[in-house]
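Enquirer: Kindly return the folded structure for what I paste below:
(2 chains)
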Amino acid sequence: MSARVFIPCDSSALSVGADAAARAIAQEAEKRGLAVEIVRTGSRGLFWLEPMIEVETAKGRLAYGPVSAGDAAALFDAGFLQGGAHPKALGAPEEIPFLKNQQRLIFARCGVTDPLSLADYRAHGGLAGLEKAIALGPKGTIEEVLASGLRGRGGAGFPTGIKWRTVAGEPAGQKYIVCNADEGDSGTFADRMLMEGDPFTLIEGMAIAGIACGADKGFVYIRSEYPHAFRMFEQAILKARAGGVLGAAVLGSPHSFDLEARLGAGAYICGEETSLLESLEGKRGQVRAKPPLPAIEGLFGKPTAINNVLSFASAPWILAHGAKAYAEFGMGRSRGTQPFQLAGNVKRGGLIELAFGVTIRRLVEEFGGGTHSGRPLRTVQVGGPLGAYFPDRLLDTPLDYEAMLEVKGMLGHGGIVVFDDSVDLARQARFAMEFCAIESCGKCTPCRIGSTRGVETLDKITAGVERDKNLAVLDDLCQLLTDGSLCALGGLTPIPVLSALTHFREDFHRPAQKATS
Amino acid sequence: MKTPAAAGRDAFDETGALAIIAAHAGLEGAALPVLHALQEAFGFIDKRNIPLIAAALNISKAEVHGVISFYHDFRGARPGRHVLKLCRAEACQSMGSESLAAHLAAAHGCAPGDTSADGALTIDNVYCLGNCALSPAALFDGEPVGRLDAARIDALVARSRGLAS
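Expert: Now for the predicted structure:
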């Protein structure tokens, strides 16, 4: 019997040599005449340990990492196929505190199974949610999602069940399910990990939404910066079709549902739902005024349920285990779990799925182990480029939608980026405005012009030109962007700027620097 | 590398382009799939495609131009033989990506947004590759590279110039 070795093909793992490690292990096995079956999986999300490989032993799966191609011979010498001792041995992956202390619902299979094996998926609890949805019917499925308290994981936090009910309530006819996989926020990678590591979960979630809303066609809009995720997801669609999960009779039911993956083209704004719909229609990704809501007039003018990857991916668990079980996780009005993503200058970065309500500090310190550089932490940015920069004293804030708003931040897509004390917050504030200028769709004036004026004003401030007057201008500009922008890009760009000004004022009062060109 | 002969660089393969356009024109909202396929095949979107796309999708040439120019991905000119997409977003900034960008310009004469004079390497700015726990990150000819530092950058530049790395 051949030994089984699990090696991630997640693009983060690939970025630090997972393919080379896999090749080296295969070659070494051949050289020694050992039968080794290499199974490519997603990542467990313990990225500082990547490439983290696992072997199936009598004691269960055991992990080694980070494994480079150069380690292959020594691993075989140490008898790693039987779990032999080696400096890179990590023991059972589930016992590594970073993983052990999580509550993995959505990501339970990621890094464990072969992402393209439907049999593996089913063996690990997959498709139970879809079967339940078929049994419950559209109305019962929506009731279940409503009762779970699931809110949109893209950042806006709108109740998913209400959105689905609205689409379902529209007159029968062509309706669409659209997945927003344009995960553009820096510091986020959960959507990518899931599409690469457990794509059937997203497919199952979208099929559930299709049944609930009475839609037979879905699109997944994946950003072009994720070429591996796109390829993996396209293959998963083919497998799902071949396995009867997609097609004219979903799992043999009378429901028809099929999916198409589409590639974005490098525009951050297409993560905004109406802009994404325009892009899917083949147009410039410019935002639409709301109303009408996409649930009423969405893709090609038809009722459309558009949700984030993680919102759809939560549905299978909710249906399989019941709304009540799901709602037992979380705090306040934020129910269930959120896959948080810890990134940037942090010792142990990765994916941490936990119930809402965990504090930023626990993630950064207990899970993350502090900064990667070893220097003191100065700030963390929560929620992507439109999220706030928090100082140390706000790190005890719990991560839930409402608590984040109270401290003038937002949860966004759950990304947390750590900075050490070498960061210059005036520069980060400038970058926020610059990013808005680069990525503005140009439809509304506050965002299109205001962002460029913001960059200029910040340059004057750091250059020491009439500082107090220009700080007043900046404040005014931020107010205008907040009140007058059509969508969240212009509307939320002031959050990082104002948080930097509020919490790190000293960075704006340094001796005059030459304006950044 | 499929480097076209110098004389053929300006040639426009209209038959090839039409075949690609026709293969995707039937999709709902076909513009982006058509443009991606053209760029995949030819490395950039030659202006001479615009009337062909407009005719196939029954939209105006202005609309086609509008779509091409809106998205950062679509190129109007042939890129270098290799492409490095360097992440410039916050997580990578926190790990020193800005000094890597400066290093590329100073040590290799190729700033982000430019193509090197020898045509070997184009450097694109991108904002997040979803590899934020292993920052600084890049894509080199579509392959992910994590934990970038000056030495890894130097090796990638050497590789793109056909030198041993």
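Enquirer: residues touching residue 124, list them.
Expert: The chain I'm using is chain A. Going by Cβ atoms under 8 Å, 6 or more residues apart in numbering or on different chains, residue A:124 touches A:108, A:109, A:112, A:113. C-beta here means a position set from N, CA and C on the backbone, and glycine is covered the same way.
Enquirer: look at chain B instead
Expert: B:72, B:83, B:84, B:85, B:86, B:112, B:113.
Enquirer: Chain neighbours aside, what residue packs nearest to residue A:229?
Expert: residue A:195 (4.1 Å; Cβ to Cβ, 6 or more residues apart in numbering or on different chains).
Enquirer: now the contacts of residue B:124 in a markdown table, with neighbour count and pLDDT?
Expert: As requested, the contacts of residue B:124 are exported to a markdown table (neighbours: other Cβ atoms under 10 Å in any protein chain shown; pLDDT from 0 to 100):
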| residue | neighbour count | pLDDT |
| --- | --- | --- |
| B:72 | 18 | 96 |
| B:83 | 18 | 97 |
| B:84 | 23 | 97 |
| B:85 | 24 | 97 |
| B:86 | 24 | 97 |
| B:112 | 19 | 92 |
| B:113 | 12 | 92 |
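Enquirer: and of these, the nearest to chain A?
Expert: residue B:72 (3.6 Å; Cβ to the nearest Cβ).
Enquirer: tell me which residues of stretch B:145-162 are tucked away?
Expert: By neighbour count, with 16 or more other Cβ atoms under 10 Å in any protein chain shown as the criterion, the buried positions of stretch B:145-162 are B:145, B:146, B:147, B:148, B:152, B:153, B:156, B:157, B:159, B:160.
Enquirer: of all the residues you listed, which two lie farthest apart?
Expert: B:147 and B:160 (19.3 Å; Cβ to Cβ).
Enquirer: ok, back up a step: and the two most separated of the contacts of residue B:124?
Expert: By the measure Cβ to Cβ, B:72 and B:84 form the most distant pair in the contacts of residue B:124, at 15.0 Å.
Enquirer: Could you list which of the contacts of residue B:124 belong to strands?
Expert: Assignment to strands by DSSP state E places the following of the contacts of residue B:124 there: B:83, B:84, B:85, B:86.
Enquirer: Surely the second one and residue B:160 touch.
Expert: Yes - shown here, residue B:84 and residue B:160 form a contact pair, counting by Cβ atoms under 8 Å, at 7.5 Å.
Enquirer: rewinding a little: please narrow the buried residues of stretch B:145-162 to those residing in strands.
Expert: Judged by DSSP E, these include residue B:145 as members of strands.
Enquirer: from the buried residues of stretch B:145-162, which is closest to chain A?
Expert: Ranking the buried residues of stretch B:145-162 by separation from chain A, with Cβ to the nearest Cβ as the measure, puts residue B:146 on top at 3.3 Å.
Enquirer: which residues sit in contact with that closest one?
Expert: Applying Cβ under 8 Å, 6+ apart, the residues near residue B:146 are A:12, A:15, A:16, B:131, B:134, B:135, B:137.
Enquirer: got a markdown table for those, with distance to residue B:44 and neighbour count too?
Expert: A markdown table is the format used below for those (distance: Cβ to Cβ, whole Å; neighbours: other Cβ atoms under 10 Å in any protein chain shown):
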| residue | distance to residue B:44 | neighbour count |
| --- | --- | --- |
| A:12 | 29 | 30 |
| A:15 | 26 | 25 |
| A:16 | 31 | 22 |
| B:131 | 26 | 33 |
| B:134 | 30 | 27 |
| B:135 | 29 | 31 |
| B:137 | 24 | 29 |
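Enquirer: right, and the pair among these with maximum separation?
Expert: Using Cβ to Cβ, the two most remote members of those are A:16 and B:135, lying 11.7 Å apart.
Enquirer: So for those two, which residues contact both of them?
Expert: Once Cβ under 8 Å, 6+ apart is applied, the residues that residue A:16 and residue B:135 both contact turn out to be B:146, B:147.
Enquirer: Roughly how far does residue A:171 sit from residue A:161?
Expert: Using Cβ to Cβ, to the nearest Å, residue A:171 is found at 20 Å from residue A:161.
Enquirer: the helices in the stretch 101-250 of chain A, which residues?
Expert: Counting by DSSP state H, counting those that start in this stretch, one finds helices in the stretch 101-250 of chain A at the ranges A:118-123, A:128-148, A:160-169, A:190-197, A:199-213, A:227-242.
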